[in-house]
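**Student:** Task: produce atomic coordinates for the following.
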Amino acid sequence: MFVGEQPGDAEDLTGRPFVGPAGALLDRAFADAGIDRSAAYLTNAVKHFRFQQRGKARLHQRPTTGHVNACHAWLRRELATVRPEVIVCLGATAAAAVLGAGFSLLEERGTWHQLGNGVRVLATVHPAWVLRQPAAAQGAAYRGLVDDLRLAA
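**Tutor:** Predicted structure coming up:
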């Protein structure tokens, strides 16, 4: 199971997770890491797209702790229904939703954790973060994401 942060604009419009630019990058990273996307369950910790309207554009805004808490019941139901053996948190918001508010992605990225029910959890960066890196740093950021996904595979 892969848990992202919140839907982006394309995801909000289609009602499906990871179908926008970050989803395209995640598809490529899955292929490079040997993960079959069709066998993975993808969701988001926050179920709605938080944005600020600027003309015709809807600009992403980071969800607050209140948004994560408000959507947590849905995530718990998904976890109970899917019953994953492994959860990969894509981004700090997803990691906090699954592992708790005290989790630090910068300090614990790529480190295995275990939930009380025995499910193993790995946190890594969100594909959108890779896309936001300067051109000179994007290659290394992408390779780091793929390396983390290989750990999960």
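**Student:** what residue ranges in this structure score low on pLDDT?
**Tutor:** Flagging of the chain using pLDDT under 70 yields the residue ranges 49-51, 58, 60-61, 64.
**Student:** can you pull out the helices in the protein?
**Tutor:** In the chain, the segments counted as helices under DSSP state H are 9-14, 21-33, 65-82, 92-99, 105-108, 127-132, 135-152.
**Student:** Can you show me the CA trace of the fifth one as CSV?
**Tutor:** This points to helix 105-108. Once non-C-alpha atoms are left out, helix 105-108 reads as follows in CSV (Å, rounded to 0.1, in the frame of the first residue of the first chain):
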residue,chain,number,x,y,z
LEU,A,105,11.0,12.3,7.3
LEU,A,106,14.4,14.0,7.0
GLU,A,107,15.8,11.9,9.9
GLU,A,108,14.0,8.6,9.2
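**Student:** check contacts around the nearest residue to H113 once chain neighbours are set aside.
**Tutor:** Using Cβ to Cβ, 6 or more residues apart in numbering and skipping the chain neighbours, the partner closest in space to H113 is V121 (4.5 Å). Every C-beta, even on glycine, is put in place using the N, C-alpha and C of the backbone. Counting by Cβ atoms under 8 Å, 6 or more residues apart in numbering, V121 makes contact with V86, I87, V88, C89, V98, L99, W112, H113, Q114, L115.
**Student:** Am I right that the fifth one is in contact with A45?
**Tutor:** Yes. Counting by Cβ atoms under 8 Å, a contact exists between V98 and A45, whose distance comes to 7.3 Å.
**Student:** Mutual contacts of these two, please.
**Tutor:** Residues within reach of V98 and of A45 at once, by Cβ under 8 Å, 6+ apart, are V3, L75.
**Student:** Settle it for me: which of these two has more neighbours?
**Tutor:** Regarding V98 and A45, a neighbour count based on other Cβ atoms under 10 Å identifies A45 as having more, with 25 against 22.
**Student:** I appreciate the help and will end here.
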